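Student: let's see this in three dimensions:
(2 chains)
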Amino acid sequence: MIDSKIPEGPLAEKWNNYKAKAKLVNPANRKKLNIIVVGTGLAGASCAASLAEQGYNIKSFCFQDSPRRAHSVAAQGGVNAAKNYKNDGDSTFRMFYDTIKGGDFRSREANVYRLAECSAHLIDHAVAQGVPFAREYAGYLNNRSFGGVQVSRTFYARGQTGQQLLLGAYQALLRQVSLGKVAMHTRHEMLELVVIDGKAKGIIARNLETGELERHVADAVVLASGGYGKVYYLSTLAMGCNSSAIWRAHKKGAYMAGVSWIQFHPTSLPQHGENQSKLTLMSESLRNDGRIWVPKTAKDDRNPNTIPEEERDYYLERKYPSFGNLAPRDISSRAAKEQIDAGHGVGPMKNAIYLDFSDAIKTQGKDKIEAKYSNLFAMYEKITGINAYKEPMLISPSAHFTMGGLWVDYELMSTIPGLFALGEANFADHGANRLGANSLLQACVDGYFIAPYTIPNYLAGELNTPKSDINHPAFDEAETSVKAQLDKFLNSKGTLSTDYFHKKIGRLLYEKCGLSRSKEKLEDALNEIKLLKDSFEKDLLITGDDTINSELEKAGRIADYIELAELMCHDALQREESCGAHFREEYQTPDGEAVRNDKDFCYVSAWEWKGKQHVPELHKEPLVFESVQLAVRSYK
Amino acid sequence: MKLYLKIWRQLNTASKGEMVDYEIDNVSEHMSFLEMLDLLNESLIQKKERVIEFDHDCREGICGQCGVMIDGRAHGPLKNTTTCQLHMRSFKDGDTIYIEPFRAKAFPVLRDLKINRSAFDSIIEAGGFIGASTGQAPEANSIPISYETAEASFDAAACIGCGACVATCKNASAALFVGAKITHLALLPQGKIEASKRVLTMVSQMDAEGFGNCSDTRACEIECPQGISILSIAKMNSEYAKAIIFRK
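Tutor: Next up is the predicted model:
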């Protein structure tokens, strides 16, 4: 049985109880302890900086050329915090409740409450760092409401909140680099986890500039390597986002949880052609003023401005009157897919819906809309060549955030002692759906406020254990297996590029394990993945050598994606219910709403790797709700 | 459309590079510039040749990792645009396009179009932060900041660190990058306290990294994808002068 280590006491006291009892490490001893942090996004940079401030020695790794490039930088909309500055009824409990409900009752109460509780401190800390959040004229912080909630609790820095929070964390990290407490390793990719006597003790990293394999030893390893939505190839994620760090840890014994729970973001730009490499996200904040509609008549290809009001279907407002255009992401994305599948899709590929600002411009004036969203409108025009002040934007859902990831307990520790997973790399907090503006929050809170208590609690027990070193046979073995894989890729003389396989697995997942799933589709997908695996073994072609070689880097990531995709399908197939982002076609009401099954599926699925030739083993972590009543999630 | 490309190929930092000719067909006007390079790389793989290395990641104009000189202009012909947000509709059938890495002594070429911009990180390390440690911050609303100040600070904070300002400057000066960070932090009450120390250490590090001086040609402002104003350079100079005058 897996132990989630939820502290005792009433919900609101659990985190305080934990902190009061967590073990401390004497300041003189902290400098004897080394921690590896993989990833420099909001979770990784904040964790590395905070632990370095306490006096631990940190080695920080990222595959980009600078820690400032981590994909947290691209988040646009904002970050939630229960500050109740607007006096509109917000509170820690309300934020907790919204988040639990938003996640379709598939997340842990204690984790979610802690997220809401720490949110207020995050705003304080970011402001102290110099994050230029939006302000009211009186000088106080401004905020707005965001998809899925009815109070204004989202703090923002124009449409670049992720960038500003990341720069805050990056600057804090580089401050520790200058103090000698963090050794920064840019252009390094973690390719293997080293486990010694059952505990995480190091990594094998490849220096992407020289091709050299390096051994790094530590007393604890933190993976803050982000999400794996790029497994779908077309997604809102950066090209380099990948699953390799967590996947390789999974193959070394760490469980993966909620793997098939992938959020499809409702407001991304639609695909426009075959050679496209990514789908650009438009901030969800646009839904505050934009109205979503499609023509009532299928295949209506008139210019949207000429379609009269009565021939438009504002389907979100119609189906979900109390939330309307602000319905949560999974609901909005699925509703869009329904319209597109029914032939109401618009745009050149008939794969989009309209996001229309004409009413908002009429009532508020163009200036007001410009002040709120001008950078987004400019970005839209740059990419599509269309002026959205004059005609509606074309948008569509696309693969975005992965709620799944490494299984972690309340301390954010995986099933391998000493291996922690933070931010999007873990499965925690969001359940089966993530509400907007909670991802930056979770990443920051994990790194700034949780790991700095829980990692020392673990390390306190490590002080008297013998130090590991890089000559241990476990390092030899790990390095040999990495080397063997790289050699295999370099000697692979097929005819197909890495991108071919990436696009193939992506398309397969979109069709069979995407916005909606069924037993039949998932079983098909599992068969097709087997064939793709065989083809990848024989047909891959890698040119170049073992120095700077982006094709070689991609090959490892795609090998991992193919295995991960298989687990995603197993996970989706096993969960015979619809919940959050996981919509199983067999489990829906007559009018197409998701039917959750609390009697049989109120648990977290944590999967254990059993080897290449074996099906993974399922472990169940029951979800116990003491403070909320499980309710049907209705946004009508 | 069909395009003729002249692309800089260089094996490593120590070796000499050269322009190499390529032809590419079936380029759609909706492709981004980087997707066009993807297509070219796919054709090189089919010919069993090594791909052209270039830096990129988010492909939505915010990570700051992409950036090449296109026909002699940083990030290409459009104003305030990163290379990943430049689309092929800016070119026409039959065009010849020159593609080179950002060039500056402080940005050595690693391979082909990939460069090493770690000098920017070293400058931030020298003082581009507010010395706030985690966990003890006061209530965020306890220090009001006027709307205008927050907006002006944001304007400067929006720098993505791509290096176009350096690449386009005839002196390879990093003044816009450094000025932006100085301005972002010096405008805020939280950042004012360390402002003098910060400007002295950052400017001194900028010189140590081998960037040239600013001679006020404003080329940087024109090529900056975020439209950062050279007023931030003026702000840096004024902070610097203040720091020198009042330095004990």
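
Student: CA only for contacts and neighbour counts going forward, please
Tutor: OK.

Student: closest residue of chain A to chain B?
Tutor: Among all residues of chain A, A:A238 sits closest to chain B, at 3.8 Å; criterion: Cα to the nearest Cα.

Student: am I right that that residue sits in a helix?
Tutor: No - counting by DSSP: H, G, I helix; E, B strand; the rest coil, A:A238 falls outside a helix, being coil.

Student: dump the residue contacts of the residue lying closest to it once chain neighbours are set aside.
Tutor: Excluding the flanking residues, the one nearest A:A238 by Cα to Cα, 6 or more residues apart in numbering or on different chains is B:C58, at 3.8 Å. Contact partners of B:C58, counting by Cα atoms under 8 Å, 6 or more residues apart in numbering or on different chains, are A:H71, A:A74, A:L237, A:A238, A:M239, A:G240, B:Q65.

Student: then A:F133?
Tutor: Taking Cα under 8 Å, 6+ apart, one finds A:V127, A:L141, A:N142, A:F155, A:Y156, A:A157, A:R158, A:T161, B:A150 in contact with A:F133.

Student: who does the second one bridge with?
Tutor: Taking DSSP bridges, one obtains A:R135 as the residues bridged to A:L141.

Student: for chain A, what helix or strand is lowest in average pLDDT?
Tutor: In chain A, no helix or strand scores lower on mean pLDDT, DSSP states H and E than helix A:366-384, which sits at a mean of 88.

Student: next, the buried residues of that one.
Tutor: Across helix A:366-384, burial judged by 16 or more other Cα atoms under 10 Å in any protein chain shown covers A:I369, A:K372, A:Y373, A:S374, A:L376, A:F377, A:M379, A:Y380, A:K382, A:I383, A:T384.

Student: is it correct that the residue of chain A closest to chain B is in contact with B:D57?
Tutor: Yes - applying Cα atoms under 8 Å, one finds A:A238 in contact with B:D57, separated by 5.1 Å.

Student: and those two? Which one has more around it.
Tutor: A:A238 (24 against 21; other Cα atoms under 10 Å in any protein chain shown).

Student: any idea how far the more buried one is from A:T498?
Tutor: Plainly put, A:A238 is 17 Å away from A:T498 if you go by Cα to Cα, to the nearest Å.

Student: swap in A:N351?
Tutor: Distance check for A:N351 against A:T498: by Cα to Cα, it reads 27 Å.

Student: again, but for A:G447
Tutor: Going from A:G447 to A:T498 by Cα to Cα gives 33 Å.

Student: list only those of the contacts of A:F133 flagged as buried.
Tutor: Counted by 16+ other Cα under 10 Å, those give A:V127, A:L141, A:N142, A:F155, A:Y156, A:A157, A:R158, A:T161, B:A150 as buried.

Student: where are the low-confidence patches of the chain?
Tutor: No chain was given, so I picked chain A. Flagging of chain A using pLDDT under 70 yields the residue ranges A:1, A:147-148.

Student: oops, I was thinking of chain B
Tutor: Looking at chain B by pLDDT under 70, you get B:248.

Student: which stretches in it count as helices?
Tutor: B:33-46, B:118-125, B:147-157, B:164-168, B:175-187, B:189-192, B:195-208, B:219-223, B:231-246 (DSSP state H).

Student: surely A:D124 meets B:I143?
Tutor: No - with contact defined as Cα under 8 Å, A:D124 does not reach B:I143; the gap is 10.3 Å.

Student: if we can go back for a sec, between the buried ones among the contacts of A:F133, which is nearest A:L522?
Tutor: Minimum distance to A:L522 across those is 36.9 Å, recorded for A:T161 (Cα to Cα).

Student: measure that closest one to B:I62 for me?
Tutor: Going from A:T161 to B:I62 by Cα to Cα gives 11 Å.

Student: say whether chain B is contacted by stretch A:218-229.
Tutor: No - using Cα under 8 Å from any Cα of the partner chain, stretch A:218-229 never reaches chain B; the gap is at least 13.1 Å.

Student: can you give me the end-to-end span of that stretch?
Tutor: OK, stretch A:218-229 end separation, Cα to Cα: 29 Å.

Student: related to what we said a few turns ago, format the contacts of B:C58 as JSON lines; extra columns: distance to A:K337.
Tutor: Output for those, formatted as JSON lines (distance: Cα to Cα, whole Å):
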{"residue": "A:H71", "distance to A:K337": "27"}
{"residue": "A:A74", "distance to A:K337": "25"}
{"residue": "A:L237", "distance to A:K337": "20"}
{"residue": "A:A238", "distance to A:K337": "24"}
{"residue": "A:M239", "distance to A:K337": "25"}
{"residue": "A:G240", "distance to A:K337": "27"}
{"residue": "B:Q65", "distance to A:K337": "33"}
